[in-house]
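Trainee: Quick one, structure for this:
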Amino acid sequence: MNKPDDSAFKTHVAPAAAASGAPRRGRWLVLALVLAVAAGAGYWWWNSRQAPPATAPAGGPPGKRPGGPPGDLAIPVGVATARAGDIPLRLDGLGTVTPLRMVTVRSRVEGQLLRVLFEEGQMVQQGQLLAEIDPRPFQAQLAQAEGQLARDRALLENARRDLERYETLFRQDSIARQQVDTQAALVRQYEGTLRANEGSIEAIRLNLAYARITAPIAGRVGLRQVDQGNMVRSGDASGLVVIAQLEPISVVFTLPQDSLPAVMKRVRAGERLAVEAWDREQKTLLAQGELVSVDNVIDPQTGTVKLRAQFANKTNTLFPNQFVNTRMQVDTLKDAVLVPAAAVQRGAQGLFVYAVKPDNTVTLRNVKLGAAQGATVSIAEGVAAGETVVIDGIDRLREGARIEPLVRDGNRAEDAPGGERRRSGKPPAEGAGPRGGPFR
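Mentor: Reported below is the predicted structural model:
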């Protein structure tokens, strides 16, 4: 008999065994995943139990809002206390340093420049000799004019003597009246010529004086425009040099027309308004002066008015055409509510601050601002003196959020020894700043 073929049997049994092994491996894989998740959860729970507890804020468990869900954590923020104080009412403007006098020194006569007697940037006094022009042509003209004057004076003397003789002869009835009148007219002619000659001499002497160029004002000279040896003329546009008066000096600045009534009220009262000049970045005080004049018209295109302030400028910190920022104090606001400018925010509802309640929660308050000075602003409405406002971390707050006030130096949080940030479980005491002192 033929033996049965085992190949067919093996072919049918192998797929069945493979099918029964696949579910077993899937179940083991699922079980391994479940055990891994359980182990991770247990490890996390054990670590959380071992962590040191945080200092609990007043009124509830650590990091939780009383009665709130476990994830409702207190938000660390910086705070400051609103205080009552005085704040100056100042008007800020943009100004340009303008000399009270600026003169371009030009030659009044034509000639060769012989000497230049000043250094560029030198401070000169009024009447100081700056340059000399060749005087020899004018000296020659003067000698010629004086010779002509002497000649005409001699002719005049001779004509007067002839006139006396003619008058004597006319009284003796020896000559005609016409001859006497002709001689009298000749005398008057010589007198006129003599006065013309004297005028010419004075003009030449004046030109001779103009050959010595002196400073018309006291101030600082600029860069030399003409070198020694060049020919100069009275019509030269650039001149020899420019002199600008620096002591005192003025600043012309502009203010909005809405600020003009407050300024004019003080001016009409005869008060001298103090004006400060600051640099472009408003970080350095350059000079202090006072308002001296107000323009008589308002610019209709910009709606501003020009004012002039005068500064002693003893240290020469102000230079002509220098751009400066001006601050002028027109009044002082008494007993205003003052807060840091960082506390005031702008949103869809307008200007607002976050005020801190006694339970360390915050509420949004719409405010109206008054005057400002540096990093301090006055609140006209919305906040009372003694209330605490948030000045840092505002972007994380919402209405009713619980906060954790930080102990601060100035506006920066400190780190306590050991690397942990120091915190306070209650807001600063009334009238106290970030470290218990008054806000500055």
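
Trainee: use CA for all of it now, contacts and neighbours both
Mentor: Fine.

Trainee: Residue ranges in this structure under the pLDDT threshold?
Mentor: 1-26, 45-72, 407-440 (pLDDT under 70).

Trainee: Give the helix, strand or coil label for the residue nearest the centre of it.
Mentor: The centroid of the chain falls nearest to N325 when counting by C-alpha atoms, centre = their mean (2.8 Å). Put simply, N325 is strand when judged by DSSP: H, G, I helix; E, B strand; the rest coil.

Trainee: Okay, and the beta partners of it?
Mentor: L94, W278 (DSSP bridges).

Trainee: And it, how close does it get to L91?
Mentor: 11 Å (C-alpha to C-alpha, to the nearest Å).

Trainee: from what I can see the residue nearest to the centre of the chain touches T284, true?
Mentor: No: using C-alpha atoms under 8 Å as the test, N325 is too far from T284 to be in contact (10.2 Å).

Trainee: can you map out the helices along this structure?
Mentor: 6-50, 136-171, 177-210, 260-268 (DSSP state H).

Trainee: want to throw these into JSON lines with mean neighbour count and distance to P248?
Mentor: Shown next, in JSON lines, are these (neighbours: other C-alpha atoms under 10 Å; distance: least, C-alpha to C-alpha, whole Å):
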{"stretch": "helix 6-50", "mean neighbour count": "10", "distance to P248": "74"}
{"stretch": "helix 136-171", "mean neighbour count": "16", "distance to P248": "38"}
{"stretch": "helix 177-210", "mean neighbour count": "16", "distance to P248": "28"}
{"stretch": "helix 260-268", "mean neighbour count": "13", "distance to P248": "21"}
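
Trainee: Let's have the ones you listed in JSON lines, adding distance to V251.
Mentor: As requested, the helices of the chain are exported to JSON lines (distance: least, C-alpha to C-alpha, whole Å):
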{"stretch": "helix 6-50", "distance to V251": "68"}
{"stretch": "helix 136-171", "distance to V251": "44"}
{"stretch": "helix 177-210", "distance to V251": "34"}
{"stretch": "helix 260-268", "distance to V251": "17"}
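
Trainee: of all the ones you listed, which lies closest to R280?
Mentor: helix 260-268 (23.9 Å; C-alpha to C-alpha).

Trainee: And the closest one, what does it pack against?
Mentor: Packing partners of helix 260-268 (3 or more C-alpha pairs under 8 Å, 6 or more residues apart in numbering; DSSP states H and E): strand 323-340.

Trainee: buried set for the strand it packs on?
Mentor: 323-328, 330, 336-340 (16 or more other C-alpha atoms under 10 Å).

Trainee: how much does that strand deviate in direction from helix 260-268?
Mentor: 100 degrees (axes from the mean of the first three to the mean of the last three C-alpha atoms, to 10 degrees).
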